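A.B. asks: Here is a sequence together with a model predicted from it:
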Amino acid sequence: MNIIDHLVMTLRSLTNRKMRTALTLIGTFIGVAAVVALISLGQGLQDAIAAEFAKSGGDKMMIQAKSGNLGPPGVASAGRIEKRDISIIERVNGADKAGGILLRPSQIGFNKRLQAQYAIGIPTDDSVDLVLEAFALEIDEGRMLKKSDRGKILIGSSFTGKDLFGKEMQLGSNVLVNNTPFKVAGILKSKGDPSVDNGVIMNEDDLRPAIGIDKDVYDLIYARSAKGFSPEEVAPNVMRALRRDRGEKEGFETVEVQTFSEVLQSFNAIFNIVQVVLVGIALISFVVGAVGIMNTMYTSVVERTREIGIMKAVGASNSQIVTMFFVESGIIGFMGGALGAAIGAAMSKLVEIAAGKAFGSPLIHASYPPALIIGSIFLATVIGVIAGFLPALQASRQKPVDAIRYD
């Protein structure tokens, strides 16, 4: 018997038992669909975040106060970032330009409603271009703030809906920030960053009096490495200069310096762990599918006992019998894998479309690397073959006389 004969026999066996085949495939493709959907969304998220970091440029560093708590810069921080730190950073060999921002929770008032959101203060000097580049802000409507603007703000994309204030903000809308009136000059494109999408941006000279902040304090400083230098080689020098200025010992600093690549690596490391856990849970469905295939193959062996006996009586070898059931279980695994990959891809695409319409976030994106699709189908096929091993072995050990007489 050649492979064509095995395939013909397998397809005939599966089509003769349509209901059982369908139920077995369900148990198989559920696991594949879950894995493909989870990994494609996770990979899409990583790709989208990497793209956002790429927009900010690979020559940036972030300097902020160390904090033992989770949260945005400036919240329960152990250290303090000041204007004088900008000049210290700019004097470091390999550093080019630095600029500070404020990022503070504030009361945003509109349509007689108040919401606690973030207010971001950007510089009014030449460093504003660096800060805007690092934030990768894009205007959807209106215009970007000018250095000379006073009483003007940019609003995040979330404010253009009715969820937050029961009414859409528009260009020219009057908005209160900590009871100080401002007018909307521009609306930002969705970025996927809650502090931007749900926040307001204004010149720091407007934000400081609105929230009563010391004129020398910043929550975060962005710095750019000079041409010919990488942030990775400049960052230690910046840390050393800040530590020396503060009189701090190494390992006991109250501030930290991070490059964008370090932030991205930290995110990827955490996200990969989460993704492995989720995929591990989804792989349980693979085990369930394998049990289903094994059960189907055992039942098939019992139903085809006489057929096995006749085949062995006319000269079929044990290896040919084993191959026949291996091919059948492998095809079930392959079909379940292919169907699961298609359904998983469709599910993640639907999530992307629904999330895009509901939240307008570009970060929820599905990505389908060829290795994911091919690997999922291959894994399902291998599991199918493995699940058919014991039933195939049992079938090959049938004695022809006993098998033919089986009723």
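C.D. replies: Right, received. Where do you want to start?
A.B. asks: can you give me the strands in the chain?
C.D. replies: 60-65, 81-82, 95-110, 113-122, 139-142, 152-155, 174-177, 180-188, 200-203, 217-218, 220-225, 255-259 (DSSP state E).
A.B. asks: Sheet-wise, list the partners of the second one with their directions.
C.D. replies: In the sheet containing strand 81-82, the strands it pairs with under DSSP bridges are strand 217-218 (antiparallel).
A.B. asks: Pull the residues that contact the strand it pairs with.
C.D. replies: 80-83, 85-86, 100-102 (CB atoms under 8 Å, 6 or more residues apart in numbering). C-beta here means a position set from N, CA and C on the backbone, and glycine is covered the same way.
A.B. asks: Show me which positions of stretch 388-398 end up buried.
C.D. replies: Neighbour-count burial for stretch 388-398 flags 388, 391-392, 394-396, 398 (criterion: 16 or more other CB atoms under 10 Å).
A.B. asks: for stretch 142-162, same thing?
C.D. replies: 142, 144-145, 149, 152-160.
A.B. asks: State the pair within those residues that is farthest apart.
C.D. replies: Pairwise distances across the buried residues of stretch 142-162 (CB to CB) peak at 22.0 Å, for the pair Asp149 and Ser158.
A.B. asks: Pop the domain breakdown of the protein in here.
C.D. replies: Taking automatic domain parsing as the reference, the chain has its domains at 3-52+265-404, 60-229.
A.B. asks: between the ones you listed, which has the poorest average model confidence?
C.D. replies: Mean pLDDT is lowest for domain 3-52+265-404 among the domains of the chain, at a mean of 79.
A.B. asks: need the contact list for the nearest residue in space to Ala338 that is not next to it in sequence.
C.D. replies: Once flanking residues are discounted, Ala338 sits nearest to Ile377: 5.5 Å by CB to CB, 6 or more residues apart in numbering. By CB under 8 Å, 6+ apart, Ile377 lies in contact with 32, 334, 337-338, 341.
A.B. asks: what's the answer for Glu204, then?
C.D. replies: Glu204 neighbours (CB under 8 Å, 6+ apart): 100-102, 121-124.
A.B. asks: now it: how far from Asp216?
C.D. replies: Distance of Glu204 to Asp216, given as CB to CB, to the nearest Å: 11 Å.
A.B. asks: With Ala34 instead?
C.D. replies: For Ala34 relative to Asp216 (CB to CB), the value is 53 Å.
A.B. asks: Neighbour count: those two, which is higher?
C.D. replies: Set Ala34 next to Asp216 and count neighbours by other CB atoms under 10 Å: Ala34 wins out with 22 against 13.
A.B. asks: measure the more buried one to Ile310 for me?
C.D. replies: Distance of Ala34 to Ile310, given as CB to CB: 42 Å.
A.B. asks: The domains of the chain into JSON lines, with extra columns for distance to Asn237?
C.D. replies: Shown next, in JSON lines, are the domains of the chain (distance: least, CB to CB, whole Å):
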{"stretch": "domain 3-52+265-404", "distance to Asn237": "20"}
{"stretch": "domain 60-229", "distance to Asn237": "5"}
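A.B. asks: nearest to Phe252, of these?
C.D. replies: domain 60-229 (9.8 Å).
A.B. asks: Can you give me the end-to-end span of the closest one?
C.D. replies: 11 Å (CA to CA, to the nearest Å).
A.B. asks: One more: stretch 164-180?
C.D. replies: End-to-end for stretch 164-180, by CA to CA: 19 Å.
A.B. asks: go on, stretch 131-139?
C.D. replies: Using CA to CA, the end-to-end distance of stretch 131-139 comes out at 15 Å.
A.B. asks: what residues does it touch?
C.D. replies: Stretch 131-139 is contacted from outside by 52, 55-57, 60, 99-101, 122-123, 144, 154, 186-189, 191, 196, 201, 222, using CB under 8 Å, 6+ apart.
A.B. asks: ok, the nearest residue to Val288 once chain neighbours are set aside - contacts?
C.D. replies: In this structure, Val288 finds its nearest non-sequential neighbour in Gly27, 5.6 Å apart by CB to CB, 6+ apart. By CB under 8 Å, 6+ apart, Gly27 lies in contact with 285, 288-289, 291-293, 336.
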